[in-house]
Every structure is written in C-alpha cells, then in structure tokens.
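In: dropping the sequence and predicted coords here.
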Amino acid sequence: MVDKPRVRFAPSPTGELHVGNARTALFNWMLARHHGGSFVLRIEDTDESRSALSYQINLLDDLKWLGLTWDEGPGKDGAYGPYKQSERLGIYADHLKKLIAADLVYPCYCTEEELEEERQALILSKRMPRYMGKCRNLNSQQREVHAAQGRKPSYRFKVPQVPIEFNDLIRGTIKFEGESIGDFIIVRSNGMPAYNFAVVIDDHLMAITHVVRGEDHLSNTALQMMLYRAFGFEPPAFAHHCLILGKDHAKLSKRHGSVSVGEFRKQGFLPEALINYLGLLGSSFTGGREVLSQMEMVEAFSLERASRSGAVFDEEKLRWLNAIYIRSLNANDLIMRLHPFLLESGYLPETLDSQWFKNVIETVQDELTTLADIGEHIDLFFDDRYEITSDAKQILDAENARKVIRSFGEYLEHASGSSQEIYAAAIEHAKEKSGGKGRNLFMPVRVALTGKVKGPELDKVFAILGKDSACKRLKRADQWIFKNMEG
C-alpha cells in the first residue's frame, strides 16, 4: 500500500444513486481516510442520451448527506481537473490520435443492426458473442466506400491474442484469455469516448493509485489492462468487492424494493445508520461489532477483510440499526431531523409549545423505527386526531372494560396533585372498583386514553395529555361501548 493512496468514485449521472454504488463510494472513502490519502469524485457523463443534470445534483446531495465528502471533484477543484468527463473530450481525442499513430486501433463501420445479427449468429452456433473483426483489415478504398455511404466510424482497439493477467487485492490472481475477447470500441461513432477508454486515461492522468469497485467490473479491468499496456501507463492496484444481493441471491434491483439512497432518505432512514449498514455488507470488523460510527469504521477498515461472496441486503436489519441510531439522538437533534416528516404528516412544530412537544418526542423516541413513522406515533397526543382503532375496539368489547374505564374516570374528575400521583391513584382506584388486574386493567385504560393497543408507557402518556384531555377521552370510549352494547 502506498503511503497516501489516491482513490476515486466515478458515477454516471444516469439515475439515482444505488445503494450498491454508495457502498463502493464508502469503501473508497474509508480506504482514503484510513491511510490519509485522497478521495476523488469524477462524473462520467459522456452518455449524453441518459445523463441528466438533475441526477448529478441528486448524486452530489446524496453523497454529502451520507457524509462521504470528497477532496477533489465538482465544487472542489484540484490539480487534476476538470472532474467531469464531458469537459475532458479534447484529452480523449489526443489519446485516440496516439493509438491511431501506433496502429493499435482501426475504424469500424458496422451498424447496430449488423452487430446484433452477428451476435445472434454466434449465440445460435453456441459460441461466445464477440466482435469477429469484420472491419479490422479493411483497406483504404473499402473505408472510403463506407464513408461515402454516410457511415460514421467508431474506433476499435486491436485486442492482442495473449493472456491478460492482474492481481486483485481481494480476489488474488485474475486471468483472461485474449482469444475470447473481441476488438472493443474505445470511441463511439458520435465521437464520444467509450467507458473503458476514458477511464484508463482519467485514472492515469489523475494519478489514481487504487481502483476499488464491484466484481461486475472484472471483465472491464481486463480490457483496461490492455489499454494501460498500449499507452505505456502504470496500472493502479485493483480491488473488486462483492455485489449486494437481494434475498433471492440475485443482484439487488428495484424488484427487491427500495434500492436508491434517495428512497431510503424519503423513508426516514438516518445517514449514520445507512452508512453503518453498507459498511457491514461484504466486510467485517474486529470483535463482530455491528454498530460503529464512520470514524470507527475508517479505523478498522481493511480490504483484506472484504468478502468475495455476495452480501444479502436485509432491510429488517437496516431498520433495526436505524432504530438504534434514532434512540441515540438527543431530543433537539431528533426534532430537527423530524421536521420535514412532521410537515408531511400535517404538523407545524413552530405552532406548538416547545417544551410540551419536546416531551412528546422524547416519549415516542424509543417507538420509532424510521423518521417517517413519527405521524402515527404522535397523533395520540392530539385530541383532534384521537380515534379508536379496530384492534382497540376489540379490547373495549371485553366484559369488564367499561367498569375499568368508568372507575378510572370517576377518580380523575375530583383528583388533584402531580400527574404521576393522579395516574397511580386512578389505576389503584380502578383496580379496586372493577376487580381488574394486569392486562384486563391496563389495556382498557390504554385504549381509552390513546385509541391504540400499543404505545409508550401509560404514565408518561397521561402526564403529557393532562387530566382534562384524559377525562374527555375516557367519556368518548365509554360512549362508544354504550352505543356498541345497544347496537
């Protein structure tokens, strides 16, 4: 390992940031931070038809939200810019000229239809689909004929028929046979550089020392190694980590549910929890620890502990982690993070008594799995949102429920003292008058006060509601029982 590695994350702005790509960014970021190196962000936007500025903006925003700040890249110019491929086209054109001069590439005039026809023919004959070199040996006259027909050539690299071998820092020695690889396109017919061509040039000119990415790029690395040799460049060290899989062990995709960082943000996951979980996928930490801060993960990070086999994405475990992180927040921080989700649920925190609302949040904090759950957990504290759920009505149907509720309410009407004293005395009174105990005592009271069968501790709920609100709700529950009995 070099003293200060330079790594890069180089996404294409053709969609939302996938959690698989976010984990690649995290692995690169941790490697750089662990060794005091540099984390470079490069935007690979040469696919004009699919790239969009909105995707790029969201991408940068998601990375910042995750805390994966970059040392060089958009908004942080360095000595190796520009950091958008669309601004480096002149560099690629110059490097294409070098390969043309060295007779290492040739123009290809094949159309998409012709290439697909060749591909299907190879598949039918049970051979590996690859370009068979139709345009490799065209003479100048034949090329002129194609050009006269209006065909714009792409440029293909002449693949040498020799083995391609490299050492992977996670997987060991990797070998490909040159005979099984067809001449590949490095510049498209529209003049735009192909992925493997641009990446090699950029990684070399940006002095990237380590390329850490998913195992689905292994075949790309074989092509890139050929280009490194052709240019006489020293290749970086490669490390291909395992992919994130769905529960069916297929590559994680939309059919498995949420797959983008933006979707998890909207669902109320904390960046600390998502980063922690992505760090656990396909990696391991000493002592089997599962809850770690970013800095703890940086200190413990090692490519040697990265798994070669796929890591299954378990959203339930992510939810478990998220709940842990929510419980660890102080109330003021939690309220700040909850703000957009409160607005979405129809609440205006600024219009509420701040201390009262802080008490509400602290009371339900341990009940939250995601921030988006907040609405369903605090509605029980607002009289205008109080309603008895169908599950709760079944509790009120129990034989002794009305006795419990009435006796509890009778005591409240004339009680005085602190909320804690009143609640404890009212429960004791209801127990004596109704004969109820355990679940048969507490569940009717819970249902009458909250309209729900589950929730925070009742004494805390009662303290926030206050005696007047509690009395109103007890009467509503009693009225519902009476109407139901008559019905």
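Out: The structure has been received and is ready for your questions.
In: got the CA positions of stretch 197-209 in PDB?
Out: Provided in PDB are the C-alpha atoms of stretch 197-209 (Å, rounded to 0.1, in the frame of the first residue of the first chain):
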ATOM      1  CA  PHE A 197     -11.100   4.200 -22.900                       C
ATOM      2  CA  ALA A 198     -11.900   7.300 -20.900                       C
ATOM      3  CA  VAL A 199     -11.500   5.600 -17.500                       C
ATOM      4  CA  VAL A 200      -7.900   4.500 -18.300                       C
ATOM      5  CA  ILE A 201      -6.900   7.900 -19.400                       C
ATOM      6  CA  ASP A 202      -8.600   9.700 -16.500                       C
ATOM      7  CA  ASP A 203      -7.300   7.300 -13.800                       C
ATOM      8  CA  HIS A 204      -3.700   7.700 -15.200                       C
ATOM      9  CA  LEU A 205      -3.800  11.500 -15.500                       C
ATOM     10  CA  MET A 206      -5.500  11.900 -12.100                       C
ATOM     11  CA  ALA A 207      -2.800   9.700 -10.500                       C
ATOM     12  CA  ILE A 208      -5.200   7.200  -9.100                       C
ATOM     13  CA  THR A 209      -3.300   4.500  -7.200                       C
END
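In: what comes up buried for it?
Out: Neighbour-count burial for stretch 197-209 flags Phe197, Ala198, Val199, Val200, Ile201, Asp202, Asp203, His204, Met206, Ile208, Thr209 (criterion: 16 or more other C-beta atoms under 10 Å). C-beta: built from backbone N, CA, C; applies to glycine.
In: same check on stretch 66-79?
Out: Within stretch 66-79, the residues that qualify as buried are Leu66, Leu68, Trp70, Asp71, Glu72, Gly73, Pro74, counting by 16+ other C-beta under 10 Å.
In: show me where the stretch 51-200 of the chain has its helices.
Out: Counting by DSSP state H, counting those that start in this stretch, residue ranges of the helices within the stretch 51-200 of the chain are 53-66, 89-101, 112-124, 140-148, 195-205.
In: helix or strand right after the last one?
Out: Same thing as helix 195-205. Under the assignment DSSP states H and E, the closest C-terminal helix or strand after helix 195-205 is strand 210-214.
In: contacts for that next one?
Out: Contact partners of strand 210-214, identified using C-beta atoms under 8 Å, 6 or more residues apart in numbering, comprise 5-8, 20, 24, 27-28, 31, 169, 203, 221, 236-243, 303.
In: got the CA positions of the helix or strand containing Ile405 in PDB?
Out: Per DSSP H and E, Ile405 falls inside helix 401-413. Coordinates of each C-alpha in helix 401-413 appear next as PDB, following Å, rounded to 0.1, in the frame of the first residue of the first chain:
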ATOM      1  CA  ALA A 401     -63.600  -2.900  30.100                       C
ATOM      2  CA  ARG A 402     -66.400  -0.400  30.800                       C
ATOM      3  CA  LYS A 403     -66.100  -0.800  34.600                       C
ATOM      4  CA  VAL A 404     -62.300  -0.200  34.400                       C
ATOM      5  CA  ILE A 405     -62.700   2.900  32.300                       C
ATOM      6  CA  ARG A 406     -65.600   4.400  34.300                       C
ATOM      7  CA  SER A 407     -63.900   3.800  37.700                       C
ATOM      8  CA  PHE A 408     -60.600   5.300  36.300                       C
ATOM      9  CA  GLY A 409     -62.500   8.400  35.000                       C
ATOM     10  CA  GLU A 410     -64.500   8.800  38.200                       C
ATOM     11  CA  TYR A 411     -61.400   9.200  40.200                       C
ATOM     12  CA  LEU A 412     -59.900  11.700  37.700                       C
ATOM     13  CA  GLU A 413     -62.800  14.100  37.900                       C
END
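In: counting by contacts, list what that helix packs against.
Out: helix 390-396, helix 419-434, helix 439-450, helix 458-486 (3 or more C-beta pairs under 8 Å, 6 or more residues apart in numbering; DSSP states H and E).
In: what angle sits between the longest one and helix 439-450?
Out: Translated: helix 458-486. With axes from the mean of the first three to the mean of the last three C-alpha atoms, to 10 degrees as the basis, helix 458-486 and helix 439-450 are set at 90 degrees to each other.
In: list the buried residues of helix 458-486.
Out: For helix 458-486, a neighbour-count test (16+ other C-beta under 10 Å) marks 458, 460-465, 467, 469-471, 473-474, 476-478, 480-481 as buried.
In: what's the angle from that helix to helix 419-434?
Out: If you take the same axes, to 10 degrees, helix 458-486 sits at 40 degrees to helix 419-434.
In: show me how far helix 458-486 is from its chain's centre.
Out: 43 Å (C-alpha atoms, centre = their mean, to the nearest Å).
In: could you give the angle of it to helix 401-413?
Out: Using the same axes, to 10 degrees: helix 458-486 against helix 401-413 is 130 degrees.
In: quick one: contacts of stretch 22-29?
Out: Against stretch 22-29 from outside (C-beta under 8 Å, 6+ apart): 7-9, 11, 39, 62-63, 66, 68, 210, 212-214, 241, 244, 261, 274-275, 278-279, 281-283, 301, 306.
In: same list (the buried residues of stretch 66-79) but as TSV, adding distance to Gly133 and pLDDT.
Out: TSV is the format used below for the buried residues of stretch 66-79 (distance: C-beta to C-beta, whole Å; pLDDT from 0 to 100):
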residue	distance to Gly133	pLDDT
Leu66	45	98
Leu68	43	98
Trp70	41	98
Asp71	43	98
Glu72	40	98
Gly73	39	97
Pro74	40	96
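In: Ala398: which of the residues you listed is nearest?
Out: Proximity of the buried residues of stretch 66-79 to Ala398 (C-beta to C-beta) peaks at Leu66, which lies at 49.0 Å.
In: so the spatially closest residue to the closest one that is not a sequence neighbour versus Glu299, what's the distance?
Out: Counting by C-beta to C-beta, 6 or more residues apart in numbering, Leu66 lies nearest to Pro271, which is 5.0 Å off, once chain neighbours are set aside. Pro271 sits 19 Å away from Glu299, going by C-beta to C-beta, to the nearest Å.
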